[in-house]
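1. How does the following fold in three dimensions:
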Amino acid sequence: MGTMRREEQIAEAEEMLGESLDKRGFVKSLFFGNYAADTLPQYPVAALHDPATTKMADELRVYCKSSIDPVAIDRDARIPDSVIQGLGQLGVLGACLPRDCGGRALSQTNYCKILEVLGGHCASTALFVNAHHSIGPRAIVLFGTDEQKKTYLPKLASGEWISAFALTETEAGSDAGNVQTTATPTPDGEGFIVNGTKRWITNGGIAQVLTLIARTPAPANGSTRASSKPTAFLVTPDMPGFKVLEERMPKCGVRGTATARLAFENMYVPRKNILGQLGKGLKVALTVLDFGRTTFGASCTGTAKYCLQQAAAQANNRVQFGQRIGEFELVKDKLARMAAGIFAMESCTYQTAALIDAGSDDYMLETAILKVMATDMLWTIVNDTFQIYGGKAYFTDEPYERIMRDARINMIGEGANDVLKAFVALVGMRDVGLHLQGILQSLKHPLKNFGRLTSFAGKRLESLFRAPEVPIRNQQLLGEAEALSQATALFGSYVEKLLAKYKEGIVDRQYHAGRIADAAIELYSSACMLRRLDSIFDQHPEGSRERIDAYRTGSFAMKLSDRKLRRALADLWDNDDDDSNDVANAALGWEKH
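-> Below you'll find the model as predicted:
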């Protein structure tokens, strides 16, 4: 990549992410080798046992069994209107919306509990709800005017209206800033004329209100990408020029969701329909995607729990070679890793939700990590479930081929996992790089910057001899805390070495970025698991079944994470990256002769 283009993309990314880049939450601190325990709230035990939410989840579970048929939804490629109405009556479609507009005002933690139920029953319905609620009316709650809230939220909360988030285009997917749909101001300044197309918009063809991202001219003249900025608008299908090109695009999985192609031909949108600020549409998009990624974790956890339950039953009942297949160690290994993965997914989901509920102003790396970890883990769990069931899983009279098809989109939607891994690594390393750059600048004037250099030297010496403290309340977890402390210190030192070697060039070292992201994912998920174990120990006495089961699974899961982390860091220096590039270039026809 050319230096100029790289600098342009970095500048665009920093402007897009805005002030959130300058805040340092838990994961950003890990990149310094620090364990900022005070930035993480306690694991939300009380919220997860909230009686009202438990009642709502139980009612939803009953409704799912009686009224939501995932086989029919997949076969007919449609969620029945009766199901949507029922979800509205249960309060699911307005779960987190304010009470004064008909919502249930659930916390993010308790909303995740609801999505976990749906995810364990029907992925299409879970995705429909997530698209409608997490990235639809949520944007209005966070960025809307009082008039917009009054106009749209009551009908969205009840399910009378469905919402959609129209961002993706042919040239804009994970590169969210590359939207090409334009919104040109009218001469009188009272509105905008929108032209462009959108695709793969969940609920897009059936929604009564959509959040549309389109480019508006920046204060400078012109309308190129460099001089225009994305803006969020609230639009409705009755606006002249709004066209549904395809209401339900045929697709591999989650077939029940209506995934649309849309077009806008000279569609007039009043200025009052701007959502948030002019030119700040990506802030709207990125903020609501953080919420959506958290509920991704919840729905994936629900599906994973169902898979483990079914896989364990098959391993207990299926007899081959005169033994139950659960007696074979290769099957045991799959079941153990499934249980450990679910413990990690669940811990990370609810700890991240608690972070949002606590009012943190920096959780973009945490939600990105959760989304990558949960969706990758679910894919592995589905695959292992398939293997345990054998050929039986391949046929459509069992649910597993549908679950497999449904699970695959998770690693692409709301930010492709490879893109999110690069995002985690580069945003996480940014502050460390800036800090090191400042130290290098200080070396040019050592006497003037003596205090700063002394402070840096002291911290480096301290980090060489002492890993960060990982506080716990229960001494039985001391070994896990010490292992996490050592891993955090190791991670921070490797980040520093990597930046010292490659400096700004690290932006183009995606093999290394992927490994750093993998290590960060394991660190954060381990921190979440430790928090959860500490809370479980507080709640249940020593020797109790709950405590024994949780420790056995959680401790094993943390050991697996530590092993993955150390492997990822070791691969930074011992790898086959050059050979990989050569083979890939040959496959691409880019061989040098």
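2. Just give me the longest helix of this structure.
-> Counting by DSSP state H, the longest helix found in the chain is helix 281-317.
3. buried set for that helix?
-> Neighbour-count burial for helix 281-317 flags 281-308, 310-312, 314-315 (criterion: 16 or more other Cβ atoms under 10 Å). Just so you know, the C-beta spots here come from the backbone N, C-alpha and C atoms, and that holds for glycine as well.
4. which residues touch Asn410?
-> Counting by Cβ atoms under 8 Å, 6 or more residues apart in numbering, Asn410 makes contact with Phe296, Cys300, Ala374, Thr375, Leu378, Trp379.
5. any idea which of those is the one closest to Ala520?
-> Taking Cβ to Cβ as the measure, Ala520 sits nearest to Ala374 out of those, at 14.9 Å.
6. Assumed the closest one was part of a strand.
-> No. Under DSSP: H, G, I helix; E, B strand; the rest coil, Ala374 sits outside any strand and is assigned helix.
7. can you tell me which residues contact it?
-> Ala374 is in contact with Phe296, Gly297, Cys300, Thr301, Met345, Cys348, Thr349, Asn410, counting by Cβ under 8 Å, 6+ apart.
8. And for Pro44?
-> So Pro44 contacts Thr109, Tyr350, Gln351, Ala353, Ala354, Asp357 (Cβ under 8 Å, 6+ apart).
9. how far away is the third one from Ile325?
-> Here the criterion is Cβ to Cβ, to the nearest Å. By it, Gln351 lies 35 Å from Ile325.
10. ok, those two, which is more surrounded?
-> Neighbours were counted for Gln351 and for Ile325 using other Cβ atoms under 10 Å; Gln351 has more, 28 against 19.
11. one step back: for the longest helix of the chain, the distance to its chain's centre please.
-> From the chain centre to the centre of helix 281-317 is a distance of 10 Å (Cα atoms, centre = their mean, to the nearest Å).
12. Contacts made by the helix or strand following that helix with the rest, please.
-> Going down the chain from helix 281-317, the next helix or strand is strand 319-320, by DSSP states H and E. Residues from elsewhere that reach strand 319-320, judged by Cβ under 8 Å, 6+ apart: Ile325.
13. just checking, next helix/strand downstream of strand 319-320?
-> Tracing the chain C-terminally past strand 319-320 and defining elements by DSSP H and E, one meets strand 323-324 next.
14. Mind listing the strands that following strand pairs with, and their directions?
-> strand 319-320 (antiparallel) (DSSP bridges).
15. what separates the partner strand from the chain centre, distance-wise?
-> 40 Å.
16. and it, what's its mean pLDDT?
-> Across strand 319-320, the average pLDDT comes to 96.
17. follow-up on the earlier one: closest one of the contacts of Asn410 to Asp579?
-> Using Cβ to Cβ, the contacts of Asn410 come closest to Asp579 at Trp379, 26.6 Å.
18. Apart from its neighbours in sequence, what residue is nearest that closest one?
-> Spatial nearest neighbour of Trp379, excluding adjacent residues (Cβ to Cβ, 6 or more residues apart in numbering): Ala407 at 5.7 Å.
19. What of Ala339?
-> Thr553 (5.3 Å).
20. Does the strand or helix carrying that neighbour pack against any helices or strands, and if so which?
-> Using DSSP H and E, Thr553 maps to helix 545-570. In terms of contacts (3 or more Cβ pairs under 8 Å, 6 or more residues apart in numbering; DSSP states H and E), helix 545-570 is packed against helix 329-357, helix 478-502, helix 510-539.
21. Now render those as JSON lines, adding mean pLDDT and distance to Ala416.
-> Output for the helices and strands packed on helix 545-570, formatted as JSON lines (pLDDT from 0 to 100; distance: least, Cβ to Cβ, whole Å):
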{"stretch": "helix 329-357", "mean pLDDT": "98", "distance to Ala416": "19"}
{"stretch": "helix 478-502", "mean pLDDT": "96", "distance to Ala416": "23"}
{"stretch": "helix 510-539", "mean pLDDT": "97", "distance to Ala416": "13"}
